[in-house]
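Colleague: No sequence on hand, only this structure:
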């Protein structure tokens, strides 16, 4: 039953504004205490990536002539404009904003949607909010506390970026910091709306993430067609607003008004919706599914629960593969004669020819992103357990291992499927033989499965620490993404399992690290399943 059709209980009568916000301070302190590890890690990662960029670019483009040449070549390449953005200036600050501004805004948006959903819909889904609401807590206090927690995190990100980038120009630093923080708050309020509409925290995160992905696609499509960021598609996307803020390149301060207006409007709608429904209810009810036929087995149920996610990832990987493949022919033109850029590409993709190194780099990026899928899919087990949806399944003639295996087949098999689809897209976009690219993609599966196995180990043997799988995947992604650009030593790059893989295509195949990683993945999975079988279920 949703709030829209609840005739007997209905929403609580409207009361004064102060009473509706009663307890907000206590809830905010509770949220910050619960997130005392997660929030600082997110802030450090987002800020660290931004502040590391100027030094890397100074090594890569040491002279004004090199920076001007880079600006011309990037703006002339539609694929690079789609992947990043147009370049609006040839200073180190402008190039830093071009290279990392939109991606920092995406990270801030992901951080924000996780915070808001965690302290709103997830609290209701687990039943904790109903217990808290029995005390002197106002109707809109939980939503307010969640948004304030997101504001604290984004304010820290914005202030630290502005302070750290001030050496490149105070006005540009302030614009970049406000743009990243403002985008985070925009998606925080969007997540607040979605949390009122859906009954599931997982669905709320998925829908908000889908909106974020759509915003990136719109921005990329608009930037691919125009050089100045003035496409209508770019302006439709909130990420396009960050781009058109033009930090360090003649700042357009009025663009911040668009971000602020959208944030306020979404926040007002979220507050209105929060006052019109009962705790635990939603405006879009979950449809009851059939109890027989295709859902007669635990594996079929797992597929039903995750098929939408798998389909979305497959479509995204196919599109990304085609885009990356279309960039390969222009790799030499993008790099030009800049030895530092060439060195970065070769460190990420191996010491083979530049084209093969660029292809290997793109394959590696697909592999690192696939780790996020496999971790999310494995942690679905943990979500089913903590929300007590697993108990009705296990109460029947379904053992724990059978129940878990359905989700793990989708997690590990889906990761394999994503790499094959991504490889197909690369081959189509590049227009070359499929075999070498597919081989390179399959090699990545060993590292992906190792990280997935670690997630299984945590879920099965250490369920209270299961969310740490996200931190491990994030570290591996950060090391592989920015490590070569920061000229980190190979020992640091080897912290990630991806650092041990052979660089294909172009390099020589090395079976030893692949076999070792697969063995580690198998050991993790076996240990995790053994722990799951022996321990008590979380209630």
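Modeller: That came in fine, so what should we check first? Every value quoted in this text rests on a predicted model; they were computed, and no experiment measured them. Residues are numbered from 1 along each chain as shown.
Colleague: Only C-alpha atoms from now on, for both contacts and neighbour counts.
Modeller: Fine.
Colleague: buried ones in the helix or strand containing residue 211?
Modeller: Per DSSP states H and E: residue 211 is located in helix 201-225. For helix 201-225, a neighbour-count test (16 or more other C-alpha atoms under 10 Å) marks 201-209, 211-212, 215-225 as buried.
Colleague: mind listing what's buried in whatever helix or strand comes next after that helix?
Modeller: Using DSSP H and E, the next helix or strand after helix 201-225 towards the C-terminus is helix 232-236. By 16+ other C-alpha under 10 Å, the buried positions in helix 232-236 come out as 233-235.
Colleague: Need the residues you listed in a markdown table (columns: distance to residue 269 and pLDDT).
Modeller: Below are these laid out as a markdown table (distance: C-alpha to C-alpha, whole Å; pLDDT from 0 to 100):
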| residue | distance to residue 269 | pLDDT |
| --- | --- | --- |
| 233 | 25 | 88 |
| 234 | 25 | 90 |
| 235 | 22 | 93 |
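Colleague: which residues touch the helix holding residue 211?
Modeller: For helix 201-225, the surrounding residues in contact (C-alpha atoms under 8 Å, 6 or more residues apart in numbering) are 78-86, 106, 109-110, 113-114, 117-118, 121-122, 125, 187, 190-191, 194-195, 198, 229-240.
Colleague: Centroid-nearest residue for this protein?
Modeller: residue 110 (5.7 Å; C-alpha atoms, centre = their mean).
Colleague: so is it in a helix, a strand, or just coil?
Modeller: Recorded secondary structure, residue 110: helix (DSSP: H, G, I helix; E, B strand; the rest coil).
Colleague: For it, list the residues it contacts.
Modeller: Residue 110 makes contact with 184, 187, 209, according to C-alpha under 8 Å, 6+ apart.
Colleague: Next one: it from residue 384, what distance?
Modeller: Using C-alpha to C-alpha, to the nearest Å, one gets 22 Å for the distance from residue 110 to residue 384.
Colleague: Distance from the chain centre to stretch 187-201, please.
Modeller: Relative to its chain's centre, stretch 187-201 lies at 17 Å (C-alpha atoms, centre = their mean, to the nearest Å).
Colleague: Counting neighbours, what do you get for residue 396?
Modeller: With neighbours defined by other C-alpha atoms under 10 Å, the count for residue 396 comes to 8.
Colleague: Tell me where the model's unsure across the stretch 301-450 of the chain.
Modeller: Counting by pLDDT under 70, the stretch 301-450 of the chain shows low-confidence ranges at 327-354.
Colleague: Tell me which stretches of it form helices.
Modeller: Along the stretch 301-450 of the chain, the stretches classed as helices by DSSP state H, counting those that start in this stretch are 331-335, 339-349, 354-386, 390-394, 400-430, 434-461.
Colleague: do the stretch 151-300 of the chain as well
Modeller: 170-197, 201-225, 232-236, 238-244, 255-274, 298-328.
Colleague: To residue 494, which of those helices lies closest?
Modeller: helix 298-328 (24.9 Å; C-alpha to C-alpha).
Colleague: Contacts only, for residue 109.
Modeller: For residue 109, the contacting residues are 183-188, 212, by C-alpha under 8 Å, 6+ apart.
Colleague: can I get those residues in a markdown table with pLDDT and distance to residue 58?
Modeller: Formatted as a markdown table, the contacts of residue 109 follow (pLDDT from 0 to 100; distance: C-alpha to C-alpha, whole Å):
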| residue | pLDDT | distance to residue 58 |
| --- | --- | --- |
| 183 | 96 | 27 |
| 184 | 95 | 28 |
| 185 | 96 | 31 |
| 186 | 96 | 32 |
| 187 | 96 | 32 |
| 188 | 95 | 34 |
| 212 | 88 | 31 |
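Colleague: Can I get those residues in CSV including distance to residue 504?
Modeller: Formatted as CSV, the contacts of residue 109 follow (distance: C-alpha to C-alpha, whole Å):
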residue, distance to residue 504
183, 37
184, 36
185, 40
186, 40
187, 37
188, 40
212, 31
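Colleague: how about JSON lines for the buried residues of helix 232-236, with distance to residue 497 added?
Modeller: JSON lines is the format used below for those (distance: C-alpha to C-alpha, whole Å):
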{"residue": "233", "distance to residue 497": "38"}
{"residue": "234", "distance to residue 497": "36"}
{"residue": "235", "distance to residue 497": "39"}
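Colleague: Closest one to residue 371 out of those residues, please.
Modeller: residue 234 (28.9 Å).
Colleague: Quick check: the gap between that closest one and residue 110.
Modeller: With distances taken as C-alpha to C-alpha, residue 234 is found 20 Å from residue 110.
Colleague: With residue 167 instead?
Modeller: Taking C-alpha to C-alpha, one finds residue 167 at 28 Å from residue 110.
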